[in-house]
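Undergrad: Build the 3D model from these lines:
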Amino acid sequence: MKLNRRVALPVGAVVFAVAALAGCGVEGKIGNYGNVSVWPSADPRGQAPVGKLTTLMTVTVECHVPGKVDAKGFGYGGSYKVSYDGGSGYIDDSTEIMSDDGVVSPDRVSEC
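TA: Numbers count the residues shown, from 1 in each chain. Presented below is the predicted three-dimensional model:
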């Protein structure tokens, strides 16, 4: 019986941590040097940036949008939906974002 309780507690803690992470996003800081463009939608084609992020600016990564390609090979790459002091939008998923748990990657956040 004690073995089952010991196993249940870590499993319960992991489920709670994953649920909390999915609900709140991942907070981190921009690791790229230079400016990172913020777009109004995941598909930046034909749109103007709505903001710029700079090195060490704090962002919350809410989710990941996979890239899309049509039958002709045109499309756009993946992006993160982020919020930051002053706004929100989408940034390229190749942007380096450093969190307390390491570099953020698409597999660490939920899909939008």
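
Undergrad: Tell me the helix or strand right after the biggest strand by length in the chain.
TA: Looking across the chain with DSSP state E, the single longest strand is strand 58-65. Proceeding C-terminally, strand 58-65 gives way to strand 68-69 as the next helix or strand, assigned by DSSP states H and E.

Undergrad: Which elements pack onto that following strand?
TA: strand 75-76 (3 or more CB pairs under 8 Å, 6 or more residues apart in numbering; DSSP states H and E). Heads up, the C-betas are built off the backbone N, CA and C, glycines and all.

Undergrad: What pairs with the strand it packs on, parallel or antiparallel?
TA: Within its sheet, strand 75-76 is paired with strand 68-69 (antiparallel), according to DSSP bridges.

Undergrad: For the partner strand, the averaged confidence score.
TA: Taken as a whole, strand 68-69 carries a mean pLDDT of 90.

Undergrad: can you give me how far the longest strand of the chain is from the chain middle?
TA: On the basis of CA atoms, centre = their mean, to the nearest Å, strand 58-65 is displaced by 3 Å from the centre of the chain it belongs to.

Undergrad: what about dumping the CA coordinates of stretch 64-78 to CSV?
TA: The C-alpha trace of stretch 64-78 is given here as CSV (Å, rounded to 0.1, in the frame of the first residue of the first chain):
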residue,chain,number,x,y,z
HIS,A,64,2.9,27.1,-30.5
VAL,A,65,1.5,27.4,-34.0
PRO,A,66,3.0,24.9,-36.5
GLY,A,67,4.0,26.2,-39.9
LYS,A,68,1.8,25.7,-42.9
VAL,A,69,2.7,25.0,-46.5
ASP,A,70,0.2,24.8,-49.4
ALA,A,71,0.4,22.4,-52.4
LYS,A,72,2.6,24.9,-54.3
GLY,A,73,5.1,25.0,-51.5
PHE,A,74,4.3,28.4,-50.2
GLY,A,75,3.6,29.1,-46.6
TYR,A,76,5.1,30.2,-43.3
GLY,A,77,7.1,28.7,-40.5
GLY,A,78,6.1,27.9,-37.0
